[in-house]
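> predicted model and sequence follow; I will ask about them next.
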Amino acid sequence: MLPIHIDDKEYKFRSAPGRLREWLLHWLRVIISDQGTRNLFLFLCLNLGFAFVELIYGVWTNSLGLISDSFHMFFDCSALVTGLVASIIMKWRPNERFTYGYVRAEVMAGFVNGLCLVFVAFYILSESVERLIEPPEVKHDRLFLVSVAGLIVNLVGIFALNHGGHGHSHDGGGHNHSHGGHGHSHGGSPKGENILLSMGVLLHIIADTMGSVGVIVSAILMQQFGWMIADPICSMFIALLILISVYPLLKESVSVLMQRVPHTLDNQLQSCFQRVASLDGVYSVQDKHFWTLCSGVYIGNLKLEVARRADLNAILLHTHAIFKQIGVDKLFVQTEYAAM
């Protein structure tokens with residue numbers, strides 16, 4: 001029997017669908033294995049389906065409120081996808097290139113979701129101003145049912161996220177060492193929940209819930225009083241609420257990405273530096289750097305100028321304890337003998 005030769009490119013082409021199916025099944029198993037990611041995925045499917053319903057109804061009724069709400073729901077889906085991917089990436093273990101792991105995926109996701117919300121708010125605001133000048137005819141009699149259904153969908157999402165155990169924590173060991181005129185201390189067991197990630201996704205859903213409420217209110221006003229101007233006014237109000245609500249998320253995520261000193265430590269670090277400087281054998285505290293790795297996980301780095309007679313082990317132990325009291329679980333301390 002003659003041997004069968006299969007072209008390598010043809011083999012790769014034929015096996016590509018199989019590899020894609022295996023890859024999708026693997027990610028699906030990862031998603032459904034955790035309650036938080038499972039709830040997020042199910043709500044993503046529900047949200048995406050209803051976004052199309054709102055868009056079709058919005059075009060049919062000529063309602064800016066409903067159309068903008070449907071586009072906002074599409075952005076919600078992108079936020080949910082971002083949150084879903086980030087929540088999985090965060091669980092990846094540290095390696096030689098990403099020595100801190102992938103926990104900052106939550107910060108990136110929060111920042112991206114915040115920018116998306118700003119874009120949505122300005123889009124709704126610009127469309128609202130245009131319709132405020134020339135209010136169009138809106139078929140308000142068809143709005144109420146769909147807007148109520150949208151409100152229910154968003155309430156389901158809020159409930160799912162608040163009761164899905166959507167959080168993340170991680171622990172790490174610690175160690176201390178010192179040698180000669182140069183010592184280091186590393187330690188801590190950082191613990192935190194993915195607050196920025198949850199906050200970004202939740203803000204999208206809350207803003208969309210406000211959108212549904214706005215559409216309901218405008219539909220009632222148009223039906224009862226014939227106020228066609230209610231549609232753009234409610235949309236403007238929603239846009240302003242979105243901008244106000246997204247500000248804390250953007251402020252916190254930018255602070256983390258720019259490696260600002262954690263806000264919660266602003267009024268505590270100076271007293272800690274003074275306490276360390278007052279330790280026996282410590283001359284000065286230098287090169288002080290403190291930043292946030294991810295939600296609730298603070299990292300610090302400093303250099304101590306010490307006397308040659310100083311007990312390095314005692315100094316490192318006390319320094320570590322001082323900063324651990326304010327929540328800095330991972331601290332890197334370099335000691336250097338003072339020049340005589």
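Good, I have the coordinates.
> how many neighbouring residues does the residue nearest to residue 336 when sequence neighbours are not counted have?
Residue nearest to residue 336 in three dimensions, not counting chain neighbours: residue 305, with 5.6 Å by Cβ to Cβ, 6 or more residues apart in numbering. C-beta: built from backbone N, CA, C; applies to glycine. Residues contacting residue 305 under the criterion other Cβ atoms under 10 Å number 17.
> list the helices and strands the helix or strand where residue 305 lies packs on?
Taking DSSP states H and E as the definition, one finds residue 305 inside strand 297-306. Using 3 or more Cβ pairs under 8 Å, 6 or more residues apart in numbering; DSSP states H and E, the elements in contact with strand 297-306 are strand 282-294, helix 312-324, strand 330-337.
> quick revisit: quick one: contacts for the residue nearest to residue 336?
282-286, 336-338 (Cβ atoms under 8 Å, 6 or more residues apart in numbering).
> then the strand holding residue 305 to CSV, C-alphas only?
Taking C-alpha atoms only, strand 297-306 is exported to CSV below (Å, rounded to 0.1, in the frame of the first residue of the first chain):
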residue,chain,number,x,y,z
VAL,A,297,-2.6,45.7,47.2
TYR,A,298,0.0,48.3,48.1
ILE,A,299,3.7,48.0,47.4
GLY,A,300,6.5,50.1,48.8
ASN,A,301,10.2,50.6,48.2
LEU,A,302,12.6,52.6,50.3
LYS,A,303,16.3,52.9,51.3
LEU,A,304,17.6,53.3,54.8
GLU,A,305,20.9,54.9,55.7
VAL,A,306,22.1,53.1,58.8
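> and it, which strands flank it?
Strand partners for strand 297-306, identified by DSSP bridges, are recorded as strand 282-294 (antiparallel), strand 330-337 (parallel).
> in TSV, list those strands along with mean pLDDT.
Formatted as TSV, the strands paired with strand 297-306 follow (pLDDT from 0 to 100):
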stretch	mean pLDDT
strand 282-294	91
strand 330-337	91
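> looking at those, which is buried most?
Neighbour counts (mean count of other Cβ atoms under 10 Å) averaged over each of the strands paired with strand 297-306 peak at strand 330-337, with a mean of 19.
> dump that one to CSV, restricted to CA.
Coordinates of each C-alpha in strand 330-337 appear next as CSV, following Å, rounded to 0.1, in the frame of the first residue of the first chain:
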residue,chain,number,x,y,z
LYS,A,330,4.7,44.0,50.2
LEU,A,331,7.7,46.1,51.1
PHE,A,332,11.2,46.3,49.6
VAL,A,333,13.8,47.8,52.0
GLN,A,334,17.4,48.5,51.0
THR,A,335,19.9,49.3,53.7
GLU,A,336,23.1,51.2,53.1
TYR,A,337,25.8,52.0,55.7
